[in-house]
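**Student:** Kindly return the folded structure for what I paste below:
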Amino acid sequence: MRRIWPALLGLAAAIVMTASVAAQTVPDAGQKNAEQARAALETMVKAMGGQAWLEAKNQMREGHIAAFFQGQPDPGTTQYYEFHQWPDHDRIEYTKHRDVLQFYLGREGWEVTYRGKKPLDKDLVEEYLRRRDHSIETAVKVWMKDANTILVYEGQHMAERHLAVQVTLISPQNEAVTILIDAQTHLPLSRSFEWRDPEYHDKNTDIEEYDDYHVVDGLPTPFTITRLKNGEMVRQYFVEHAGFNQNLPDGFWDMNAATQKVKK
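**Tutor:** Below is the predicted model:
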């Protein structure tokens with residue numbers, strides 16, 4: 001019996017040591033994965049323009065929108081002019097006369113026409129804010145800076161004949177954004193997230209795909225943006241002109257001033 005006790009004690013010590021090593025290995029693997037994810041995202045930001053992109057005071061896009069229903073294109077396109085000022089000022093002007101405007105200021109959405117201004121439909125505002133809350137800009141400027149955000153490196157994938165790196169960010173509120181990054185250019189190819197319908201409780205997927213990059217004011221900018229919902233194409237944006245750090249006129253974000261101008 002006395003000979004058995006040392007053997008048992010040795011075995012117990014070996015088990016404890018093995019368990020300790022295993023416990024350390026799991027966090028180490030998770031940390032290494034998070035570091036890979038952060039490195040991929042930082043390389044993406046650098047490819048997009050680095051500090052110049054992070055500090056851009058505003059951006060604008062001008063072009064045409066094609067709408068789709070059940071994957072089929074609607075006839076014709078709509079001209080649009082879109083302005084964004086970080087973090088929560090957006091103005092979109094429609095038609096060649098620029099006489100239908102939408103403002104998304106803070107958490108509110110308004111429409112301006114020759115009839116005046118009125119609040120936008122609640123569902124439309126929620127959809128727009130949902131996309132803004134899950135944009136690449138928000139993921140980089142807000143989520144990545146939060147120490148409680150989880151970064152997950154998910155390896156290489158094929159995306160539209162491009163070899164891509166996939167990274168997912170999970171916010172402290174348990175919201176997730178997945179970004180596919182071109183393995184060669186390091187520019188984003190797509191951004192996706194899932195959300196649950198508040199009424200029907202079914203899960204939906206929102207995807208934006210980015211293609212046809214051009215350098216504008218020193219910053220690579222996608223000139224084709226495709227939006228998909230649950231795998232079906234719903235909008236496609238064809239950008240013709242873009243710009244950063246625009247000198248916007250005084251009162252540009254004033255809806256009352258815009259209303260008076262449209263009425264004229």
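**Student:** Around the closest residue to Leu189 other than its chain neighbours, how many other residues sit close by?
**Tutor:** Take Leu189 and drop its neighbours on the chain: the residue closest to it by CB to CB, 6 or more residues apart in numbering is Leu180, 4.5 Å away. The C-beta positions use only the backbone N, C-alpha and C, and glycine is treated the same way. Per other CB atoms under 10 Å, the neighbour tally for Leu180 reads 24.
**Student:** what's the helix or strand for Leu180?
**Tutor:** According to DSSP states H and E, Leu180 maps onto strand 176-182.
**Student:** Centre of the chain to that strand, how far?
**Tutor:** Strand 176-182 sits 8 Å away from the centroid of its parent chain (CA atoms, centre = their mean, to the nearest Å).
**Student:** Would you list the strands that the next helix or strand after it pairs with, along with their directions?
**Tutor:** With elements assigned by DSSP H and E, the helix or strand that comes after strand 176-182 is strand 188-196. Using DSSP bridges, strand 188-196 pairs in its sheet with strand 176-182 (antiparallel), strand 203-216 (antiparallel).
**Student:** what's the last one in contact with?
**Tutor:** The set of residues external to strand 203-216 that reach it, using CB atoms under 8 Å, 6 or more residues apart in numbering, is 130-131, 134, 160, 185, 187-197, 220-231, 242-244.
**Student:** quick one: buried residues of it?
**Tutor:** 206-210, 213, 216 (16 or more other CB atoms under 10 Å).
**Student:** same question, stretch 215-235
**Tutor:** Quick answer for stretch 215-235 (16+ other CB under 10 Å): 216, 219-223, 225-228, 233-234.
**Student:** In TSV: the residues you listed, plus distance to Ile65.
**Tutor:** Listed next are the buried residues of stretch 215-235 as TSV, based on distance: CB to CB, whole Å:
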residue	distance to Ile65
Val216	19
Leu219	22
Pro220	22
Thr221	17
Pro222	14
Phe223	13
Ile225	10
Thr226	11
Arg227	10
Leu228	15
Met233	12
Val234	11
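**Student:** tell me which of the residues you listed is nearest to Arg107?
**Tutor:** Arg227 (21.2 Å; CB to CB).
**Student:** Which residue lies closest in space to the closest one, excluding its sequence neighbours?
**Tutor:** In space, Arg227 is closest to Arg235, 4.3 Å off (CB to CB, 6+ apart).
**Student:** For the residue nearest to Leu189, list each beta-bridge partner.
**Tutor:** Under the criterion used (DSSP bridges), Leu180 bridges to Gln166, Ser190.
**Student:** Contacts only, for it.
**Tutor:** With contact taken as CB under 8 Å, 6+ apart, Leu180 is in contact with 157, 159, 164-166, 188-191.
**Student:** List just the nearest of those residues to Gln173.
**Tutor:** Nearest to Gln173 among the contacts of Leu180, with distances taken as CB to CB, is Arg191, at 17.6 Å.
**Student:** Give me the contacts around stretch 130-138.
**Tutor:** Counting by CB under 8 Å, 6+ apart, 86-88, 90, 104, 175, 177, 179, 188, 191, 193, 195, 206, 208 sit against stretch 130-138.
**Student:** Can you get me a residue count around the residue nearest to Lys263 when sequence neighbours are not counted?
**Tutor:** Once flanking residues are discounted, Lys263 sits nearest to Tyr114: 5.6 Å by CB to CB, 6+ apart. Applying other CB under 10 Å, we find 10 residues neighbouring Tyr114.
**Student:** contacting residues around Tyr114?
**Tutor:** Counted by CB under 8 Å, 6+ apart, Tyr114 has contacts 99, 262-263.
**Student:** residue ranges with poor pLDDT in the stretch 1-150 of the chain?
**Tutor:** 1-26, 70, 72 (pLDDT under 70).
**Student:** May I have stretch 135-145 as CSV, with CA atoms only?
**Tutor:** The C-alpha coordinates for stretch 135-145 follow below in CSV (Å, rounded to 0.1, in the frame of the first residue of the first chain):
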residue,chain,number,x,y,z
SER,A,135,-21.6,50.0,-41.0
ILE,A,136,-17.9,49.4,-41.4
GLU,A,137,-17.3,53.0,-40.2
THR,A,138,-19.1,52.3,-36.9
ALA,A,139,-17.4,48.9,-36.5
VAL,A,140,-14.0,50.5,-36.8
LYS,A,141,-14.5,53.8,-35.1
VAL,A,142,-16.7,52.5,-32.2
TRP,A,143,-16.6,48.8,-31.8
MET,A,144,-12.9,48.2,-32.3
LYS,A,145,-12.1,50.8,-29.6
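**Student:** Great, nothing more from me.
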